[in-house]
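Asker: let me see the structure of the following:
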Amino acid sequence: MAERVIVVGAGVVGLTCAVRLLEAGHRVDVVARDLPRETTSAVAAGVWYPYRALPQDRVTAWAATSYAVFDALADTDPDSGVRMVPGTQVFAGAAPEPWWSSAVPALERTRDVPAGWQEGLRFATPIADTSVYLDWLLARVEDAGGTVTRLNLGGLPEEGLVVNCSGLGARLLGADRTVVPVRGQVVYVEQFGLDRWWLDASGPTYVIPRAREVVVGSSDVEGEWSRTPDPVAAEDILERAARLVPALRQARVLRHKVGLRPVRPAVRLERVGDVVHCYGHGGAGVTLSWGVADEVVALVERRSLSAQPSG
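Answerer: Next up, the predicted model:
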């Protein structure tokens, strides 16, 4: 049975849940204080990589689903802004087996790493240029008959079925004080011919190539709410990243941005009455988006099935 569903939140998770719900035949309206290009998702580097998200088993399963969807999009829909890009995660010592390794088709150990690191893991990963990808998701919602409306809510809607993808807004809308901001600052520089990504998760430090620019990050400051870029932090980010990719030292800086990752001890994905909560994805909103969206649809349809007459 088709349901009318209100999705709260227009970041990558909210929009992806809306797409999957519409595909399942539901009527969907997205409401949010911030429109897609104003969300933390718009600041994200858009690289598939499980970061600051738990528990490991559920995150691995969601991430594997998303990886497969992104891989298919990269092959079939260039307008999505998704590409599969090879790269290397570097380590000061021997490269450990990542707890999420089963979500990736292939990992290769390598000693071909910059000076200062001992070993790396090479793999291809999806990169979604969020300046393109969020518009693509929005278009999919609207083309399927859904709506996206700016609305500053004081609480979750009390009528109908609600999917709460409000991110940090869950502190208010879900009365959940365990969700905290983790400030991430990034620097965008001109594309200088970089065709692979580099990552040192201990920073985190990353250099992520897009078609027209390179995203350089990041910082990880828990409990900090300021969205104003810090020049000192930007200098530190660029210096760390230049050790990975020395050519960055000559790249022209385009702009600075700050995003607040919605971090929680564990991702909350559960149904309570007529509300499906789906938030607390940390630095892995893009990474988990399609996996959690599929589970949201299953939770929504639990009521639809139980409401059908028997016999």
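Asker: so Val296 touches Val276, yeah?
Answerer: Yes. Here Val296 reaches Val276: they are 5.6 Å apart, a contact under CB atoms under 8 Å. Just so you know, the C-beta spots here come from the backbone N, C-alpha and C atoms, and that holds for glycine as well.
Asker: excluding its backbone neighbours, what's nearest Thr40?
Answerer: Counting by CB to CB, 6 or more residues apart in numbering, Thr40 lies nearest to Gly259, which is 4.1 Å off, once chain neighbours are set aside.
Asker: ok, now which ones touch that neighbour?
Answerer: Residues in contact with Gly259 (CB atoms under 8 Å, 6 or more residues apart in numbering) are 40-44, 183-184, 186, 227.
Asker: what pairs with the helix or strand His277 falls within, and is each one parallel or antiparallel?
Answerer: Element membership of His277 [criterion: DSSP states H and E] is strand 275-279. Using DSSP bridges, strand 275-279 pairs in its sheet with strand 161-164 (parallel), strand 268-272 (antiparallel).
Asker: out of the ones you listed, deepest packed?
Answerer: Highest mean neighbour count of the strands paired with strand 275-279: strand 161-164, a mean of 24 (counted as mean count of other CB atoms under 10 Å).
Asker: give me the contacts around that strand.
Answerer: Contacts with strand 161-164, where a contact means CB under 8 Å, 6+ apart, come from 3-9, 14, 17, 21, 156, 170, 173-174, 274-279, 296, 300, 303.
Asker: related to what we said a few turns ago, dump the strands paired with strand 275-279 into JSON lines; add mean pLDDT and distance to Thr76 as well.
Answerer: Formatted as JSON lines, the strands paired with strand 275-279 follow (pLDDT from 0 to 100; distance: least, CB to CB, whole Å):
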{"stretch": "strand 161-164", "mean pLDDT": "98", "distance to Thr76": "27"}
{"stretch": "strand 268-272", "mean pLDDT": "98", "distance to Thr76": "28"}
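Asker: tell me which of those sits nearest to Val132.
Answerer: Val132 lies closest, by CB to CB, to one member of these: strand 161-164, at 24.5 Å.
Asker: which element follows the closest one toward the C-terminus?
Answerer: Downstream of strand 161-164, the first helix or strand assigned by DSSP H and E is helix 170-173.
Asker: list the contacts of that following helix.
Answerer: Applying CB under 8 Å, 6+ apart, the contact partners of helix 170-173 are 8, 153-156, 164, 166, 176-177, 179, 262, 268, 277, 279-280.
Asker: check contacts around the closest residue to Arg210 other than its chain neighbours.
Answerer: Computed as CB to CB, 6+ apart, the closest residue to Arg210 that is not its neighbour in sequence is Asp129, at 4.7 Å. By CB under 8 Å, 6+ apart, the residues touching Asp129 are 46, 81-83, 210-211.
Asker: kindly report the same for Asp79.
Answerer: Counting by CB under 8 Å, 6+ apart, Asp79 has contacts 132, 136.
Asker: let's verify it: helix, strand, or coil?
Answerer: Classification of Asp79 by DSSP: H, G, I helix; E, B strand; the rest coil places it in helix.
Asker: that one and Val30, how far apart?
Answerer: Asp79 sits 21 Å away from Val30, going by CB to CB, to the nearest Å.
Asker: now swap in Gln89 and tell me
Answerer: Per CB to CB, Gln89 is found 34 Å from Val30.
Asker: ok, these two, which is more surrounded?
Answerer: Here Gln89 and Val30 are compared on neighbour count by other CB atoms under 10 Å; more neighbours surround Val30, at 27 against 22.
Asker: contacts for the helix or strand containing the more buried one?
Answerer: If you go by DSSP H and E, Val30 is part of strand 27-32. With contact meaning CB under 8 Å, 6+ apart, strand 27-32 is reached by 2-11, 14-15, 18, 21-22, 39, 141, 144-151, 153, 157, 166.
Asker: just give me the longest helix of this structure.
Answerer: Identified as the longest helix of the chain according to DSSP state H is helix 285-307.
Asker: how many neighbours does Thr149 have?
Answerer: Thr149: 11 neighbours (other CB under 10 Å).
Asker: look up how far Ile127 lies from it.
Answerer: For Thr149, the distance to Ile127 - CB to CB - is 30 Å.
Asker: ditto for Ala95
Answerer: For Ala95, the distance to Ile127 - CB to CB - is 21 Å.
Asker: then Asn164?
Answerer: Asn164 is 28 Å from Ile127, by CB to CB.
Asker: how about low-confidence regions in this protein?
Answerer: For the chain, applying pLDDT under 70 flags the ranges 1, 303-311.
Asker: quick one: contacts for Ala124?
Answerer: Shown in contact with Ala124 (CB under 8 Å, 6+ apart): 84-87, 106.
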